[in-house]
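Asker: Any chance you could fold what I've pasted below:
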Amino acid sequence: MSDVVRIPEQALAGVPQFSFKPSYRKHDGLWLAHVDVGKGAPVIFVHGEPTWSFLWRKVIPPMAAAGFRCIAPDLPGFGRSDKPADVSWYSYDRHTASVAALIADLKLRDATVVGHEWGAAIALRLAAEQAERIDRVVVLSGGLFTGHQKMTDAWMAFRQLAQRSEDFPVAFLLRAGCKLEPGRDVIAAYEAPFPRASAKAGARAFPLNMPSGPDSPGARVAQRALETLRSEARPKLIIWGEEDRLLPLQMGRRFAHALGTDVDHVIAGASHFVPEDAGPKVGALIAEWLRSAAGGAGQRRRSLLRWAR
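Answerer: The predicted model follows:
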């Protein structure tokens, strides 16, 4: 295990609009944080890059009010969770395993998993590998990266920035990926988990972990997950920001088509960080969809594919 950065609890105590109390658990030698709000059918929210569970602060209230239990982990290297300082420690496998362990620890069943951007790649893989626990999946501006996709110039520039920049520019990326100006307090909240360059290894690693070709690490397991999800009738909801420049809507339609479905909602006035630009609307859309999907949940077919462990 590399050196680990641990953020004092008080460093994140005053972030705006985020009064949810964290819970902690031990996994893979790290202390990992999550929030658990509301009662009802479980919904797991997986953030992407370079955010943390704070991303969901405007999505969770309408979901909890609609009668759902909202669980939002901070992935290793993000938010209140421990942060290994070695970029090479991080991988698609490790991130996926951390959320899988949370689902098992909380004994969740009949769950919905929601993922944004890289979090969507984790959410979709979890849905494929844990069909006995996950009944539905929601994707926000993300998909399964199999190494076959042609990425945008903006994405490749972002990857190069992560590769060469030890002091990852969190504020710059957040502002560039939002249609609306988040405001100083919100930007400060996203920067708070990263008080120094060594705390940003996880943020630097995410774009580097994305498969650049079909033989890259993580590409084959993503392809298998894609094939599993495409072959079954489990409910999927795809939401995209109309003005996303990092992963444009055209790419979103390709991601959805690969899963055998379409983009269900295009959010006007939203860019890449859809939960930031339009959080309450996203929460309301997911809640309404879950209420509709619940009626047919008993009819869905579970995948018959077995996963090699």
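
Asker: where do the helices sit along the stretch 151-300 of the chain?
Answerer: Under the criterion DSSP state H, counting those that start in this stretch, helices of the stretch 151-300 of the chain are mapped to 153-164, 170-176, 184-191, 201-209, 219-230, 249-258, 274-294.

Asker: List the buried residues of the shortest one.
Answerer: Buried residues in helix 170-176, counted by 16 or more other CB atoms under 10 Å: 170, 173-174. C-betas here are computed from N, CA, C, even on glycine.

Asker: Centre of the chain to it, how far?
Answerer: With CA atoms, centre = their mean, to the nearest Å as the basis, helix 170-176 stands 17 Å off its chain's centre.

Asker: in the protein, what secondary structure element scores lowest on mean pLDDT?
Answerer: Counting by mean pLDDT, DSSP states H and E, the weakest-scoring helix or strand in the chain turns out to be helix 153-164, with a mean of 72.

Asker: mind checking how far stretch 216-224 is from the chain centre?
Answerer: So, by CA atoms, centre = their mean, the centroid of stretch 216-224 is 18 Å from its chain's centroid.

Asker: Return the set of buried residues in the helix or strand Ala104 falls within.
Answerer: Assessed by DSSP states H and E, Ala104 sits inside helix 92-105. Going by neighbour count (16+ other CB under 10 Å), the buried part of helix 92-105 is 92, 94-103.

Asker: can you check stretch 176-189 too?
Answerer: By 16+ other CB under 10 Å, the buried positions in stretch 176-189 come out as 177-179, 182, 186-187, 189.

Asker: Show me the shaky parts of the stretch 51-200 of the chain.
Answerer: Applying pLDDT under 70 to the stretch 51-200 of the chain flags residues 149, 151-152, 155, 158, 162-163.

Asker: Let me know which of the helices of the stretch 151-300 of the chain is the nearest to Arg133.
Answerer: Nearest of the helices of the stretch 151-300 of the chain to Arg133, taken as CB to CB: helix 219-230 at 14.4 Å.

Asker: The closest one vs helix 92-105, what angle?
Answerer: Between helix 219-230 and helix 92-105, the angle formed by their directions is 50 degrees, by axes from the mean of the first three to the mean of the last three CA atoms, to 10 degrees.

Asker: Output the contacting helices and strands for helix 219-230.
Answerer: helix 92-105, helix 118-129 (3 or more CB pairs under 8 Å, 6 or more residues apart in numbering; DSSP states H and E).

Asker: After the last one, which helix or strand is next? Please name it.
Answerer: Once the chain leaves helix 118-129, the next helix or strand it forms, by DSSP H and E, is strand 134-140.

Asker: How far away from the center of its chain is that next one?
Answerer: 11 Å.

Asker: From Val282, how far out is Val114?
Answerer: 9 Å (CB to CB, to the nearest Å).

Asker: Identify the contacts common to the two.
Answerer: Leu140 (CB atoms under 8 Å, 6 or more residues apart in numbering).

Asker: Excluding covalently adjacent residues, which one is nearest to Gly202?
Answerer: With CB to CB, 6 or more residues apart in numbering as the criterion, Gly202 has its nearest non-adjacent residue at 1.9 Å, and that residue is Gly77.

Asker: If you tally nearby residues, what's the number for that neighbour?
Answerer: The number of residues packed near Gly77 is 32, by other CB atoms under 10 Å.

Asker: nearest to Ile60, of the buried residues of helix 170-176?
Answerer: Leu174 (19.0 Å).

Asker: what residues are up against the nearest residue to the closest one once chain neighbours are set aside?
Answerer: Distances taken as CB to CB, 6+ apart put Tyr190 closest to Leu174, at 5.3 Å, once the chain neighbours are dropped. For Tyr190, the contact set (CB under 8 Å, 6+ apart) comprises 50-52, 54, 170-171, 174, 182.
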